[in-house]
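1. Prediction below, plus the sequence it came from.
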Amino acid sequence: MLDDGEREKRGAIIESCLEMNRLGINQGTSGNISVRHGDGLLITPTSLPYDRLEPEDVVFLSPDGTPEGRHRPSSEWHFHLDIMRERPDVNAIVHAHPTYCTILAIMGLEIPPIHYMVAVAGGSNVRCAPYAIFGSKELSQNAVKALEGRQACLLEHHGAIAVGASLPKAMWLAVEVETLARQYHGCLPFGAPPLLSEEQIGAVIEKMAGYGHQG
Ligand SMILES: [Zn+2]
């Protein structure tokens, strides 16, 4: 039996999966979400349609990657587990293949400081982790590295990851990063866009720390 707190967390993961599709940042079941739970994490199961998920379908993963539940965890469990291990500040991870993030990732591009909101991902860029096959330890290592000092990254020829102190924060950031990717994509036909300097982004980060970062 699940206690109320755990049932609520599992329900929030399912709700956020459905929300990803409503927001247009994911299609089908390619996206996956995890939330820290005890010494491990709760993660979406592999290949099950979100609209049929029940709290019991969400999988618990122990710190060594052992799954508990009636389904297999998402094939991307490696990077969910490794990011949680490396980043005590992170309590939720959202992964999807949002169209504009993925276009940039196919081209091997990071998101440069085209707009001050790039700072919400933690610095002056959103890096693109080098390609490695889905579900691999190598992809996980590349993602952890691309997330150093950041709350989001792109995955070459694949998609994007957003992390946060809570699931609503990670979801919010996933949408923001897709918006930035769309803006950058829109600039590219005009040529290389002018960029904000490190100093200008630093000032934004400082101001956001005082104001909160909702714009
Ligand atoms: Zn993926």
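-> Received, thanks. Treat the numbers as computed from the prediction; the structure is a model and nothing was measured.
2. drop to CA atoms for contacts and neighbour counts, all remaining ones
-> Will do.
3. Do me a favour and get the end-to-end distance for stretch 34-43?
-> This stretch, stretch 34-43, spans 4 Å end to end (CA to CA, to the nearest Å).
4. what's the spacing between that stretch and its chain's center?
-> 15 Å (CA atoms, centre = their mean, to the nearest Å).
5. Where do the helices of this protein begin and end?
-> Listed in chain order, the helices found in the chain under DSSP state H are 4-23, 77-86, 99-106, 137-146, 167-187, 198-211.
6. Nearest to Leu41, out of those?
-> Nearest to Leu41, of all the helices of the chain, is helix 77-86, at 7.4 Å by CA to CA.
7. Please point out which parts of that closest one sit buried.
-> 77-85 (16 or more other CA atoms under 10 Å).
8. Stretch 133-141 too?
-> Those would be 137-141, for stretch 133-141 by 16+ other CA under 10 Å.
9. How many neighbouring residues does Gly164 have?
-> Taking other CA atoms under 10 Å as the criterion, the count of residues near Gly164 is 23.
10. who's it bridged to?
-> Legend: beta-bridge partners of Gly164 under DSSP bridges are Ala92.
11. Flag the shaky bits of this protein, pLDDT-wise.
-> Within the chain, the segments meeting pLDDT under 70 span 212-215.
12. if we can go back for a sec, may I see the helices of the chain arranged in JSON lines, with distance to Asn32 as well?
-> Below are the helices of the chain laid out as JSON lines (distance: least, CA to CA, whole Å):
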{"stretch": "helix 4-23", "distance to Asn32": "7"}
{"stretch": "helix 77-86", "distance to Asn32": "9"}
{"stretch": "helix 99-106", "distance to Asn32": "15"}
{"stretch": "helix 137-146", "distance to Asn32": "14"}
{"stretch": "helix 167-187", "distance to Asn32": "11"}
{"stretch": "helix 198-211", "distance to Asn32": "28"}
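13. Nearest to Ala121, out of those?
-> Of the helices of the chain, the one closest to Ala121 (CA to CA) turns out to be helix 167-187, at 7.3 Å.
14. Alpha carbons only: can I get that closest one in CSV?
-> Listed next in CSV are the C-alpha coordinates belonging to helix 167-187 (Å, rounded to 0.1, in the frame of the first residue of the first chain):
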residue,chain,number,x,y,z
LEU,A,167,8.5,19.3,-10.1
PRO,A,168,6.5,22.6,-10.9
LYS,A,169,9.9,24.4,-11.2
ALA,A,170,11.3,21.8,-13.6
MET,A,171,8.2,21.8,-15.7
TRP,A,172,8.2,25.6,-15.8
LEU,A,173,11.8,25.6,-16.9
ALA,A,174,11.2,23.0,-19.6
VAL,A,175,8.6,25.3,-21.2
GLU,A,176,11.0,28.4,-20.9
VAL,A,177,13.8,26.5,-22.5
GLU,A,178,11.6,25.5,-25.4
THR,A,179,10.5,29.1,-25.8
LEU,A,180,14.2,30.2,-25.9
ALA,A,181,15.0,27.5,-28.5
ARG,A,182,12.1,28.8,-30.6
GLN,A,183,13.3,32.4,-30.3
TYR,A,184,16.8,31.4,-31.3
HIS,A,185,15.5,29.3,-34.2
GLY,A,186,13.6,32.4,-35.3
CYS,A,187,16.7,34.6,-35.2
